[in-house]
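Student: below are the sequence and a predicted model for it; my questions follow.
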Amino acid sequence: QVQLVESGGGLVQAGGSLRLSCAAAGRTFTNYAVGWFRQAPGKERESVAAISRSGSRTYYADSVKGRFTISRDNAKNMMYLQMNSLKPEDTAVYYCAASLVYISRLPSETDYGYWGQGTQVTVSS
């Protein structure tokens, strides 16, 4: 199985930027499609972005399109989420996740079999 560790969360003002990183260890990273979820207090976990095994295809939630960019570096076993123009409603715990399933759309929570512990992102107004 693959182990995932997120980093890069923090406190930022509205309009600012953050880059989240997800380091993968264990199985061959290119076997997995990977993505980001977030969960705000009192809300359900939301799929934010995903990227295919090769990195050739990306998918985004409507709420982050044009502001967030997902990428991966298969040589380094890393995945990233560049978040620009952050809004207070982006405040949440962000999780990276991995899936052995071929993806052709933004995956749902049940498509992923492996999860990181999460990193807190707080956007102040």
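Tutor: Everything's here; your move.

Student: contacts, neighbours, all on C-alpha from now
Tutor: Fine.

Student: quick one: pLDDT of the closest residue to residue 77 other than its chain neighbours?
Tutor: Excluding the flanking residues, the one nearest residue 77 by Cα to Cα, 6 or more residues apart in numbering is residue 24, at 5.4 Å. In this model, residue 24 is scored at 96, pLDDT.

Student: next, count neighbours for residue 24.
Tutor: The burial metric for residue 24, expressed as a neighbour count using other Cα atoms under 10 Å, is 22.

Student: pull out the buried residues from the host helix or strand of it.
Tutor: Per DSSP states H and E, residue 24 falls inside strand 18-26. For strand 18-26, the neighbour count (16 or more other Cα atoms under 10 Å) marks 18, 19, 20, 21, 22, 23, 24 as buried.

Student: list of residues touching it?
Tutor: Contact partners of strand 18-26, identified using Cα atoms under 8 Å, 6 or more residues apart in numbering, comprise 1-10, 12, 77-84, 96.

Student: from those, which land in helices?
Tutor: Secondary-structure check on the contacts of strand 18-26 using DSSP state H: no residue lies within helices.

Student: mark which of those are buried, thanks.
Tutor: For the contacts of strand 18-26, a neighbour count by 16+ other Cα under 10 Å gives the buried set as 2-7, 9, 12, 77-81, 83-84, 96.

Student: the most centrally placed residue in the chain and residue 28, how far apart?
Tutor: The chain has residue 36 as the residue nearest its centroid, 2.1 Å off, counting by Cα atoms, centre = their mean. Counting by Cα to Cα, to the nearest Å, the gap from residue 36 to residue 28 is 19 Å.
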